[in-house]
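**Q** here is a sequence together with a model predicted from it:
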Amino acid sequence: MKTRVLKIMTAAFIMFFIAGTINAQTIELSSATAQTGSQVTITLSTPDGLLNVGAMSLYFFNEHTVLSYNSWTAIDPDIAGALVNPFGNMMGISWIAGGFTGNDFGPGGIMSITFDVVGCDDVALDFNQAISEVVDFDVNPISVAFVNGGVQMTSLAVVTWSGAVDNAWANPANWTEGVVPGCNSDVTIAQSANIPEIPASKAYFSVSSLTLMPGAALTVLGSLYITNDLHLMSDAMGTASVVENGSLTVGGNTYVDRTYPTTTWHLISSPVVNAQAGIYTGRYVQQYIEPVNNWFDIIPTTDPLFSGIGYAFWEPFANEMFTYSGVLNSGPCAVPVTNTATAPFGWNLLGNPFPSSLDWMMVAAANTGVINSAVYYLDAATGMFVSFNGGMGGGSPYVPPMQGFFVSANSPMGQFMVDNTMRTHNGQNIYYKNDFSDMVTLEVEGNGYTDAAYLRFDSEATLDFDGQYDAYKLFSWFNEDAPQIYTNTNGTDLSINVLPEVDVVSVNFRAGVSGTYTISADVMDFAYLVLEDMQTGMVTDMLTDSYTFDYNINEPAERFALHFAPLAIPEVGSVNAHIYGQNGHICVNVPNHFSGDIHILNLMGQEISHVAAKGGMNVITAESGYYLVKLVAVNSVLTEKVYVK
């Protein structure tokens, strides 16, 4: 008898053995409704009961591209030893009685089987009666009526995200209607603190259409299929954001809106593949070419707007919206950058190619050796540039969607690269800032504008430009009237200046309009900070006060010195000398019998040159700027500050 049972188990891959003889015996699969991305459970049952069952082998068809087997649970405890296995589009269930008698089942449920719903089509759950078999304990066939079941896909026509509980797409409590959207749902995602997430753990979600309202966001880690259209909306307050680290497929069209709130120049970038300049028909669109350090108009409407490249765009109307249409950029995006001898600093205008922000800290780290680490944005409201590097600066650490930006290439030619791992929903109004010590922010205000320079001390920095820490001062092409404040190190103008500890730093200023301006300071961890106006001789304690001054556009930029230690010009003894600057020279007039040396230093105390002094007039060639001139004799020292035009 056991041999006969084993033969049946060998002949059939998966079996249920049920012993006994029963009248009106029925095995049935239940029917259910389901939605894509959810789970569905069907029940195997015997409505009238089965008696004296020895073994059973059951097979039923199901479409595995729609229903992916997850698990099963015993309803009748006697079924606990069953084997349940999916293979292709068929499920197999096998069971054999233990002991020396058959089992009685039902009436009622035998087991439940749970599937992940990964497709959109209705599925028929039909028994394969040709190979399904029920036998008694002596392996005699039992006549059984098989009743088929099915799973019908259903979904609400309109579903809206509320994010009331968490960020789980498959949680009904996160949807206003209390149900998860399915294949036939037109879905709207509104802005929410809980950003919906398509999880990687789920194989597949599908909707009919998807609209993201301005400021809304979506993260795709698994797979999302949109049968019809995807629309990312925008207004003056914000733009929708999509971060894709899985698979996002759109069967219809994709539309990405961009609203420009101000009437001015903007730096832009396309979020779709194969965009053309015709999107901005009737507007000025320009491209910056690094080797010639100049702008060029884009005239033909069919000219491409390349992914990853930035462009300048003039918007004559406030709150005007433009719409990109095409396949969203996703995955690695590489563009060439250059630094040529004819264009100092290697300015390259690039762009965020994604419909989401980029984490600049990650971008800079991935492109070391290709660019210096700072990023430079055009502030559309002022027409001035702001920078960010390593937690410092007035710019954002998150490059907004479709935003153009400048970088400074640090090699003649390289490939700048961004990819999906660098994407984030953090926007341009979310600022990252390290809690640095020994940091100063100098802000100048006047003529309706403000500008800032950033400075801190770090023992690992140098007195020269450090691409890892510093940012050049990028003077605006778009607003020449605004005040500009910046520091200068060894002849290099910087908006962000990280340097080893020094006593004094040169602070430069220029503006396109004469007038009255005010400098203030935001100071961290300095016990002494004095701003010296070398034109008027005024000194101001920046820890407690601000400094207001008059400016004429014909004045030199090299006007201020920022002191981090008490002002002191050492003098020993007395030297009868006259020191001044004149027409590109430093003039030092000493007595005829004087014996000593002349040392020329910059305002940071670094020696530029020194010569032996001779009796009478000593003339030393110098570039325009401020200098410390130290006259050293045997028993005396005289130091004076001079300006050379």
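**A** Happy to help now that I have it. Numbers count the residues shown, from 1 in each chain.

**Q** just checking, residue 538 touches residue 547?
**A** Yes - using Cβ atoms under 8 Å, residue 538 is in contact with residue 547, at 7.2 Å. C-beta: built from backbone N, CA, C; applies to glycine.

**Q** and the closest residue to residue 597 other than its chain neighbours, how far is that from residue 465?
**A** If the residues on either side of it in the chain are set aside, residue 597 comes closest to residue 632, at 5.0 Å by Cβ to Cβ, 6 or more residues apart in numbering. Relative to residue 465, residue 632 is positioned 31 Å away (Cβ to Cβ, to the nearest Å).

**Q** looking at these two, which one has more neighbours?
**A** residue 465 (19 against 16; other Cβ atoms under 10 Å).

**Q** pretty sure that one contacts residue 488?
**A** No - in this structure residue 465 lies outside contact range of residue 488 using Cβ under 8 Å: 10.9 Å.

**Q** list residues touching both of the two?
**A** Jointly contacting residue 465 and residue 488 under the rule Cβ atoms under 8 Å, 6 or more residues apart in numbering are residue 494.

**Q** any stretches of the stretch 201-350 of the chain with poor pLDDT?
**A** Scanning the stretch 201-350 of the chain for pLDDT under 70 picks out 202-203.

**Q** now do the stretch 451-600 of the chain
**A** 566-574.

**Q** all strands of it, in order?
**A** Using DSSP state E, counting those that start in this stretch, the strands of the stretch 451-600 of the chain run over residues 471-472, 484-489, 492-499, 504-510, 515-524, 530-533, 539-541, 547-551, 558-563, 578-582, 585-590, 596-601.

**Q** redo these as JSON lines? Include mean neighbour count and distance to residue 74.
**A** Shown next, in JSON lines, are these (neighbours: other Cβ atoms under 10 Å; distance: least, Cβ to Cβ, whole Å):
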{"stretch": "strand 471-472", "mean neighbour count": "27", "distance to residue 74": "67"}
{"stretch": "strand 484-489", "mean neighbour count": "24", "distance to residue 74": "75"}
{"stretch": "strand 492-499", "mean neighbour count": "24", "distance to residue 74": "67"}
{"stretch": "strand 504-510", "mean neighbour count": "22", "distance to residue 74": "78"}
{"stretch": "strand 515-524", "mean neighbour count": "17", "distance to residue 74": "66"}
{"stretch": "strand 530-533", "mean neighbour count": "19", "distance to residue 74": "81"}
{"stretch": "strand 539-541", "mean neighbour count": "16", "distance to residue 74": "82"}
{"stretch": "strand 547-551", "mean neighbour count": "17", "distance to residue 74": "82"}
{"stretch": "strand 558-563", "mean neighbour count": "22", "distance to residue 74": "79"}
{"stretch": "strand 578-582", "mean neighbour count": "15", "distance to residue 74": "97"}
{"stretch": "strand 585-590", "mean neighbour count": "20", "distance to residue 74": "97"}
{"stretch": "strand 596-601", "mean neighbour count": "18", "distance to residue 74": "89"}
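
**Q** give me the phi and psi for residue 346.
**A** phi 60, psi 50 (degrees, to the nearest 10).

**Q** just checking, it touches residue 290?
**A** Yes - counting by Cβ under 8 Å, residue 346 does reach residue 290; the two are 6.5 Å apart.

**Q** list the buried residues for stretch 122-138?
**A** 123, 125, 126, 127, 131, 132, 133, 134, 135, 136, 137 (16 or more other Cβ atoms under 10 Å).

**Q** nearest to residue 565, out of those: which one, please.
**A** Among the buried residues of stretch 122-138, residue 123 lies closest to residue 565 (Cβ to Cβ), at 79.8 Å.

**Q** now do that closest one against residue 148, distance only.
**A** 11 Å.

**Q** again with residue 116
**A** 21 Å.

**Q** more crowded one of the two?
**A** Shown here are residue 116 and residue 148; by other Cβ under 10 Å, residue 116 has more neighbours (21 against 14).

**Q** quick check: closest non-adjacent residue to that one.
**A** For residue 116, the spatially nearest residue (Cβ to Cβ, 6+ apart) is residue 68, at 4.5 Å.
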